[in-house]
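Enquirer: based on what follows, work out the 3D shape:
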Amino acid sequence: MELLWEMTGWAGAVAMLGSYMSVSMGWLKPGVSFQTVNLFGSCAFIINGTMHAAWPSVATNVAWFLISAVALIRLRATRQPVHVEVQEQRPQNNPGTGAHLIIPVPQTVANCP
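Expert: Alright, predicted model coming up:
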């Protein structure tokens, strides 16, 4: 069982350091992915710290967890819904029967994943 707690702690360390490095190097933007990895990493550290009675580490990671959770809630609240506008275009050879309806492919919106 001790091995499980150690693996949990190391997984948390890899997750948090990996996300921090990815943002610092410009490979990842600070957003939902970054905050989600930090949330799970802090959970892993909370578990590991609790099993080792490392209370300063547990307290720090509870704060880290809360910061990530609030950031994710705020990111979700500011996310705008995607609106797709469909315009009917009729080909020249079929002016009014509606047999051919061309629906353009929606473009990616800047603030959507």
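
Enquirer: and the helices in the chain?
Expert: Counting by DSSP state H, the chain has helices at residues 2-24, 32-51, 55-78.

Enquirer: quick check: which of the ones you listed is buried the most?
Expert: Ranked by mean neighbour count under mean count of other C-beta atoms under 10 Å, the helices of the chain are led by helix 32-51, which reaches a mean of 20. Placement of C-beta: from N, CA and C, glycine included.

Enquirer: what angle do it and helix 55-78 make?
Expert: 160 degrees (axes from the mean of the first three to the mean of the last three C-alpha atoms, to 10 degrees).

Enquirer: now what about helix 32-51, what contacts it?
Expert: Defining contact as C-beta atoms under 8 Å, 6 or more residues apart in numbering, one finds that helix 32-51 is touched by 5-6, 8-9, 11-13, 15-16, 18-19, 22-23, 28, 54-55, 57-58, 61-62, 64-65, 67-69, 71-72, 75, 113.

Enquirer: measure Arg76 to Ser22 for me?
Expert: 21 Å (C-beta to C-beta, to the nearest Å).

Enquirer: what's the answer for Gly49, then?
Expert: Taken as C-beta to C-beta, the span from Gly49 to Ser22 is 24 Å.

Enquirer: dump the helices of the chain to a markdown table, plus mean pLDDT.
Expert: Shown next, in a markdown table, are the helices of the chain (pLDDT from 0 to 100):
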| stretch | mean pLDDT |
| --- | --- |
| helix 2-24 | 91 |
| helix 32-51 | 94 |
| helix 55-78 | 94 |
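
Enquirer: per-residue pLDDT, Val82?
Expert: pLDDT for Val82: 53.

Enquirer: Lys29 too?
Expert: The pLDDT attached to Lys29 in the predicted structure is 88.

Enquirer: show me the contacts for the residue nearest to it when sequence neighbours are not counted.
Expert: Nearest non-adjacent residue to Lys29, counting by C-beta to C-beta, 6 or more residues apart in numbering: Val23, 7.3 Å away. Residues in contact with Val23 (C-beta under 8 Å, 6+ apart) are Lys29, Pro30, Phe34.
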